[in-house]
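Visitor: Build me a model from this:
(one chain, ligands or ions: 3)
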Amino acid sequence: MGILEKISEIEKEIARTQKNKATEYHLGLLKAKLAKYRAQLLEPSKSAPSKGEGFDVMKSGDARVALIGFPSVGKSTFLSLMTSTASEAASYEFTTLTCIPGVIEYKGANIQLLDLPGIIEGAAQGKGRGRQVIAVARTADVVIMMLDATKGEVQRSLLEKELESVGIRLNKHKPNIYFKPKKGGGLSFNSTVTLTQCSEKLVQLILHEYKIFNAEVLFREDCSPDEFIDVIVGNRVYMPCLYVYNKIDQVSMEEVDRLARQPDSVVISCGMKLNLDYLLEVLWEYLALTCIYTKKRGQRPDFTDAIILRKGASVEHVCHRIHRSLASQFKYALVWGTSTKYSPQRVGLTHTMEHEDVIQIVKK
Ligand SMILES: Nc1nc2c(ncn2[C@@H]2O[C@H](COP(=O)(O)OP(=O)(O)OP(=O)(O)O)[C@@H](O)[C@H]2O)c(=O)[nH]1
Ligand SMILES: [K+]
Ligand SMILES: [Mg+2]
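Guide: Residues are numbered from 1 along each chain as shown. Ligands and ions are numbered 1, 2, ... in the order given. Predicted structure coming up:
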């Protein structure tokens, strides 16, 4: 039996197994098996060496956003509208066959927007350019899942499944589980909260499936077996995703209203240029970039030219942005803003900056 068949067998068995106390171990085991086979599927095949995995587009700018969606939902139309790059759009499917980068300039930041070929069900297993598209999606800071408002909810759940199956986790945080394989000593299992979905026995079963017999496991959150498997497997990508329903010019007001109320969703029409400004505002929040203003001694901060960094950036990151050698000449910095208790406060290189902080760097 090939891996695809094994996967489909297990999926069928999971689907027909009723979920209850008596079956929870069996289900947990099936899920562990499923994750294992999927991982094998993703390993580059020996017959076709890495050639053609992902599109070679240089990362540039302050953040990267990937446009994922079925064919003809309007991804290229969107790129052409939002950036100065033109990407061919047409009414037939698979118009776009490669990755086309554009740049959105917003609030002083350069956001790289990637137009990609449409993907379909089975993309993760290599249908169409699915694997390449997904490889690019993994490198993004935010995924925009573009959907056709006239097609209802089906596209969304199909694509979510495709991305899930290759280890991309949308709008989820990393499970708060401490996991450390050991050389010996068996399983040491603990939790700081009441667990309603996992037990020591289930955790042990799942670990055995991965041939792990000695480990330290600490649940700090009431996680599911799937989340625990994610922690064992390890190479998961946790990514914010914005669902963008395009072509709302084609559906009723009631439907527009319903779609707009879905979580993490924005409705737009590229054709009629509706709601695009609002989409940018929401995208900006999902990117969660940090803008830092610099100030020279005795002068006012320069609010016209922000340094744009990822969330969690430190003073050292700020230094590197200003000049290569600045960190080595650094004595201390004064920071005004929400990251400090006092304004200004003297801080070192490891201090974490927050959005809209002002910084003055003092050299040795
Ligand atoms: N009615 C309507 N049509 C739109 C809208 N946006 C795009 N279209 C049309 O939808 C069709 C497909 O647009 P594309 O931009 O080529 O779609 P795509 O997602 O890039 O398609 P592929 O590259 O084939 O995957 C084109 O005929 C567009 O003119 C919209 O807001 N409303
Ligand atoms: K198209
Ligand atoms: Mg296109």
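Visitor: ok, residue 226 - contacts?
Guide: Contact analysis of residue 226 by C-beta atoms under 8 Å, 6 or more residues apart in numbering lists residue 31. Quick note: C-beta positions are derived from backbone N, CA and C, even for glycine.
Visitor: Could you work out the end-to-end span of stretch 304-320 for me?
Guide: Terminal residues of stretch 304-320 lie 20 Å apart, using C-alpha to C-alpha, to the nearest Å.
Visitor: residues of that stretch that come out buried?
Guide: 306, 307, 308, 309, 313, 314, 315, 316, 317, 318, 319, 320 (16 or more other C-beta atoms under 10 Å).
Visitor: Residue 155 and ligand 2, how far apart?
Guide: Look at residue 155 and ligand 2: by C-beta to the ion, to the nearest Å, they are 14 Å apart.
Visitor: what's the helix or strand for that residue?
Guide: If you go by DSSP states H and E, residue 155 is part of helix 154-165.
Visitor: so who does the residue nearest to the spatial centre of the chain touch?
Guide: Centroid check for the chain by C-alpha atoms, centre = their mean gives residue 239 as the closest residue, at 1.6 Å. Contacts of residue 239 were listed using C-beta under 8 Å, 6+ apart, and they are 137, 140, 141, 142, 143, 168, 169, 170, 171.
Visitor: Dump those residues into a markdown table; add distance to residue 11, pLDDT and secondary structure as well.
Guide: Conversion of the contacts of residue 239 to a markdown table gives the following (distance: C-beta to C-beta, whole Å; pLDDT from 0 to 100; DSSP: H, G, I helix; E, B strand; the rest coil):
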| residue | distance to residue 11 | pLDDT | secondary structure |
| --- | --- | --- | --- |
| 137 | 22 | 91 | helix |
| 140 | 27 | 94 | coil |
| 141 | 31 | 94 | coil |
| 142 | 29 | 96 | strand |
| 143 | 24 | 97 | strand |
| 168 | 18 | 92 | strand |
| 169 | 19 | 95 | strand |
| 170 | 20 | 95 | strand |
| 171 | 23 | 96 | coil |
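Visitor: who wins for neighbours among the residues you listed?
Guide: Within the contacts of residue 239, residue 143 tops the neighbour count with 28 neighbours, counted by other C-beta atoms under 10 Å.
Visitor: if I pick the closest residue to that one other than its chain neighbours, what's in contact with it?
Guide: Nearest residue to residue 143, sequence neighbours excluded (C-beta to C-beta, 6 or more residues apart in numbering): residue 241, at 4.6 Å. Residues counted as contacts of residue 241 (C-beta under 8 Å, 6+ apart) are 142, 143, 144, 145, 170, 171, 264.
Visitor: Just the closest of these to ligand 3, please.
Guide: residue 144 (13.2 Å; C-beta to the ion).
Visitor: Direction included, what does the helix or strand harbouring that closest one pair up with?
Guide: Element membership for residue 144 (DSSP H and E) is strand 142-148. Neighbouring strands of strand 142-148 in its sheet, by DSSP bridges, are strand 63-69 (parallel), strand 241-246 (parallel).
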